[in-house]
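Undergrad: Would you be able to build a 3D model of this:
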Amino acid sequence: MLTVAVLISGTGSNLRALLEAAADPGFPARVVVVGADRQADGFAHAEAFGIPTFLVPFRDFETREHWGEELDRQLRVWKPDLIVLSGLMRLLPASVVDAWSPRLINTHPAYLPEFPGAHGVRDALAAGATRTGASVIVVDNGVDSGPILAQERVEVLPDDTEHTLHERIKPVERRLLIDVVRAIARGELELTAFSTS
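TA: All right, here's what the predicted structure looks like:
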(Lines give C-alpha, C1' and ligand atoms only; values in the text may rest on other atoms or scores of the structure.)
Protein backbone atom coordinates (compact mmCIF):
# COMPACT_ATOMS: atom_id res chain seq x y z
CA MET A 1 0.00 0.00 0.00
CA LEU A 2 1.47 3.34 -1.09
CA THR A 3 1.53 5.87 1.76
CA VAL A 4 0.96 9.51 0.83
CA ALA A 5 1.55 12.82 2.60
CA VAL A 6 -0.34 15.82 1.22
CA LEU A 7 0.79 19.44 1.67
CA ILE A 8 -1.77 22.24 1.34
CA SER A 9 -2.18 25.99 1.82
CA GLY A 10 -5.89 26.51 1.19
CA THR A 11 -9.21 24.77 0.75
CA GLY A 12 -7.74 21.43 -0.30
CA SER A 13 -10.16 20.49 -3.09
CA ASN A 14 -7.59 18.15 -4.66
CA LEU A 15 -6.93 16.72 -1.20
CA ARG A 16 -10.64 16.02 -0.78
CA ALA A 17 -10.77 14.18 -4.11
CA LEU A 18 -7.74 12.08 -3.18
CA LEU A 19 -9.19 11.25 0.26
CA GLU A 20 -12.46 10.15 -1.34
CA ALA A 21 -10.59 7.96 -3.83
CA ALA A 22 -8.42 6.46 -1.08
CA ALA A 23 -11.51 5.63 1.00
CA ASP A 24 -12.32 2.94 -1.57
CA PRO A 25 -10.81 -0.34 -0.25
CA GLY A 26 -9.68 -1.14 -3.79
CA PHE A 27 -7.59 2.03 -4.14
CA PRO A 28 -3.90 1.10 -3.68
CA ALA A 29 -2.81 4.20 -1.74
CA ARG A 30 -3.63 5.79 1.62
CA VAL A 31 -3.17 9.37 2.81
CA VAL A 32 -1.34 9.11 6.14
CA VAL A 33 -0.90 12.81 6.99
CA VAL A 34 -1.82 16.29 5.78
CA GLY A 35 0.51 19.22 6.41
CA ALA A 36 0.24 22.95 5.74
CA ASP A 37 2.28 26.14 5.82
CA ARG A 38 -0.62 28.08 7.38
CA GLN A 39 -3.90 27.35 9.13
CA ALA A 40 -5.68 25.93 6.08
CA ASP A 41 -9.38 25.32 5.52
CA GLY A 42 -8.42 22.01 3.91
CA PHE A 43 -7.58 20.59 7.34
CA ALA A 44 -11.35 20.07 7.68
CA HIS A 45 -11.17 17.41 4.95
CA ALA A 46 -8.40 15.59 6.80
CA GLU A 47 -10.42 15.76 10.02
CA ALA A 48 -13.52 14.40 8.27
CA PHE A 49 -11.53 11.36 7.13
CA GLY A 50 -9.65 10.90 10.41
CA ILE A 51 -6.27 11.81 8.92
CA PRO A 52 -3.62 13.37 11.21
CA THR A 53 -2.39 16.87 10.39
CA PHE A 54 0.63 19.03 11.11
CA LEU A 55 1.26 22.74 10.75
CA VAL A 56 4.60 24.40 9.95
CA PRO A 57 3.72 28.12 9.70
CA PHE A 58 6.06 29.81 7.27
CA ARG A 59 5.94 33.12 9.11
CA ASP A 60 7.34 31.49 12.28
CA PHE A 61 10.74 31.01 10.64
CA GLU A 62 13.46 33.52 9.76
CA THR A 63 14.22 31.97 6.37
CA ARG A 64 12.62 29.66 3.83
CA GLU A 65 15.48 27.22 4.48
CA HIS A 66 14.71 27.05 8.23
CA TRP A 67 11.04 26.52 7.43
CA GLY A 68 12.00 23.76 5.01
CA GLU A 69 14.14 22.02 7.63
CA GLU A 70 11.17 21.79 9.99
CA LEU A 71 8.84 20.71 7.18
CA ASP A 72 11.30 17.96 6.27
CA ARG A 73 11.50 16.84 9.92
CA GLN A 74 7.72 16.59 10.13
CA LEU A 75 7.51 14.59 6.90
CA ARG A 76 10.21 12.18 8.03
CA VAL A 77 8.11 11.27 11.08
CA TRP A 78 5.53 9.77 8.70
CA LYS A 79 7.97 8.25 6.18
CA PRO A 80 5.57 8.64 3.22
CA ASP A 81 6.25 6.83 -0.03
CA LEU A 82 4.94 9.87 -1.92
CA ILE A 83 4.37 13.55 -1.19
CA VAL A 84 1.63 15.42 -3.06
CA LEU A 85 1.64 19.21 -3.19
CA SER A 86 -2.06 20.05 -3.33
CA GLY A 87 -2.33 23.80 -3.60
CA LEU A 88 0.77 24.46 -1.47
CA MET A 89 1.34 28.08 -2.50
CA ARG A 90 4.98 28.21 -1.54
CA LEU A 91 8.17 27.11 -3.25
CA LEU A 92 9.98 24.39 -1.35
CA PRO A 93 13.63 24.99 -0.50
CA ALA A 94 16.10 23.02 -2.60
CA SER A 95 17.05 20.92 0.44
CA VAL A 96 13.49 19.57 0.71
CA VAL A 97 13.17 18.96 -3.02
CA ASP A 98 16.55 17.20 -3.13
CA ALA A 99 15.59 15.03 -0.14
CA TRP A 100 12.27 13.82 -1.57
CA SER A 101 12.21 14.18 -5.35
CA PRO A 102 11.17 12.32 -7.49
CA ARG A 103 8.71 11.08 -4.84
CA LEU A 104 7.35 14.63 -4.74
CA ILE A 105 4.58 15.57 -7.19
CA ASN A 106 2.43 18.60 -7.88
CA THR A 107 -0.63 19.52 -9.91
CA HIS A 108 -0.83 22.66 -12.04
CA PRO A 109 -3.80 24.28 -13.81
CA ALA A 110 -2.14 24.63 -17.21
CA TYR A 111 -0.69 22.45 -19.96
CA LEU A 112 2.95 22.72 -18.98
CA PRO A 113 5.39 24.04 -20.02
CA GLU A 114 2.77 26.63 -20.99
CA PHE A 115 1.85 29.13 -18.26
CA PRO A 116 3.93 28.05 -15.25
CA GLY A 117 3.76 29.89 -11.94
CA ALA A 118 1.10 30.94 -9.49
CA HIS A 119 -1.32 32.42 -12.06
CA GLY A 120 -1.51 29.78 -14.78
CA VAL A 121 -5.22 30.28 -15.47
CA ARG A 122 -5.02 34.08 -15.52
CA ASP A 123 -1.93 33.96 -17.73
CA ALA A 124 -3.65 31.67 -20.26
CA LEU A 125 -6.55 34.11 -20.56
CA ALA A 126 -4.24 37.12 -20.79
CA ALA A 127 -2.34 35.43 -23.62
CA GLY A 128 -5.55 34.84 -25.56
CA ALA A 129 -5.01 31.06 -25.53
CA THR A 130 -7.79 28.96 -27.04
CA ARG A 131 -6.64 25.90 -25.09
CA THR A 132 -4.96 25.39 -21.74
CA GLY A 133 -5.09 22.31 -19.52
CA ALA A 134 -3.98 20.55 -16.37
CA SER A 135 -0.73 18.79 -15.55
CA VAL A 136 0.78 16.54 -12.89
CA ILE A 137 4.55 16.85 -12.57
CA VAL A 138 7.51 15.73 -10.51
CA VAL A 139 8.68 18.70 -8.44
CA ASP A 140 12.19 19.95 -9.20
CA ASN A 141 13.99 23.11 -8.12
CA GLY A 142 12.44 25.24 -10.87
CA VAL A 143 8.95 26.72 -11.09
CA ASP A 144 6.61 24.07 -12.52
CA SER A 145 9.51 22.80 -14.62
CA GLY A 146 9.79 19.17 -13.49
CA PRO A 147 9.12 16.05 -15.57
CA ILE A 148 5.50 15.75 -16.71
CA LEU A 149 3.67 12.63 -15.48
CA ALA A 150 0.24 13.34 -16.99
CA GLN A 151 -1.59 16.20 -18.67
CA GLU A 152 -4.78 16.92 -20.53
CA ARG A 153 -6.08 19.78 -22.64
CA VAL A 154 -9.02 21.99 -21.60
CA GLU A 155 -10.65 24.32 -24.10
CA VAL A 156 -10.87 28.05 -23.32
CA LEU A 157 -14.37 29.32 -24.10
CA PRO A 158 -14.89 32.83 -25.56
CA ASP A 159 -16.73 34.08 -22.47
CA ASP A 160 -14.46 32.43 -19.89
CA THR A 161 -13.37 34.33 -16.81
CA GLU A 162 -10.51 33.23 -14.59
CA HIS A 163 -13.08 31.69 -12.26
CA THR A 164 -15.12 29.79 -14.86
CA LEU A 165 -12.03 28.46 -16.61
CA HIS A 166 -10.42 27.37 -13.35
CA GLU A 167 -13.62 25.61 -12.30
CA ARG A 168 -13.50 23.55 -15.52
CA ILE A 169 -9.82 22.76 -15.06
CA LYS A 170 -10.15 21.59 -11.43
CA PRO A 171 -12.04 18.33 -12.13
CA VAL A 172 -9.47 17.40 -14.78
CA GLU A 173 -6.64 18.18 -12.34
CA ARG A 174 -8.24 15.98 -9.67
CA ARG A 175 -8.78 13.07 -12.04
CA LEU A 176 -5.21 13.24 -13.33
CA LEU A 177 -3.86 13.35 -9.77
CA ILE A 178 -5.86 10.29 -8.72
CA ASP A 179 -4.84 8.42 -11.88
CA VAL A 180 -1.16 9.22 -11.30
CA VAL A 181 -1.23 8.20 -7.63
CA ARG A 182 -2.97 4.96 -8.59
CA ALA A 183 -0.43 4.25 -11.33
CA ILE A 184 2.50 4.90 -8.96
CA ALA A 185 0.95 2.63 -6.32
CA ARG A 186 0.44 -0.17 -8.83
CA GLY A 187 3.97 0.12 -10.18
CA GLU A 188 2.68 1.20 -13.59
CA LEU A 189 4.50 4.54 -13.26
CA GLU A 190 8.05 4.29 -11.92
CA LEU A 191 9.13 7.61 -10.47
CA THR A 192 12.81 6.75 -10.43
CA ALA A 193 12.69 7.13 -14.22
CA PHE A 194 11.89 10.81 -13.62
CA SER A 195 14.73 11.62 -11.23
CA THR A 196 15.43 15.36 -11.21
CA SER A 197 18.92 15.14 -9.73
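Undergrad: only C-alpha atoms for contact and neighbour calcs from this point on.
TA: Noted.
Undergrad: can you pull out the helices in this structure?
TA: Counting by DSSP state H, the chain has helices at residues 13-22, 43-48, 64-78, 94-100, 120-126, 162-185.
Undergrad: Contact partners for residue 112?
TA: 134-135, 144-145, 148, 151 (Cα atoms under 8 Å, 6 or more residues apart in numbering).
Undergrad: Going by distance to residue 86, which of the residues you listed wins?
TA: Taking Cα to Cα as the measure, residue 86 sits nearest to residue 135 out of these, at 12.4 Å.
Undergrad: Once you drop chain neighbours, what's closest to the closest one?
TA: residue 151 (4.1 Å; Cα to Cα, 6 or more residues apart in numbering).
Undergrad: That neighbour and residue 177 touch, don't they?
TA: No. If you go by Cα atoms under 8 Å, residue 151 and residue 177 don't touch, sitting 9.6 Å apart.
Undergrad: So if I had to pick from these two, which one is more boxed in?
TA: residue 177 (28 against 21; other Cα atoms under 10 Å).
Undergrad: which residue packs closest to the more buried one, ignoring adjacent ones?
TA: residue 136 (6.4 Å).
Undergrad: Surely that neighbour is in contact with residue 152?
TA: No. Using Cα under 8 Å, residue 136 is not in contact with residue 152; the gap is 9.5 Å.
Undergrad: number of nearby residues for the closest residue to residue 148 other than its chain neighbours?
TA: Residue nearest to residue 148 in three dimensions, not counting chain neighbours: residue 137, with 4.4 Å by Cα to Cα, 6+ apart. Other residues within reach of residue 137 by the criterion other Cα under 10 Å amount to 23.
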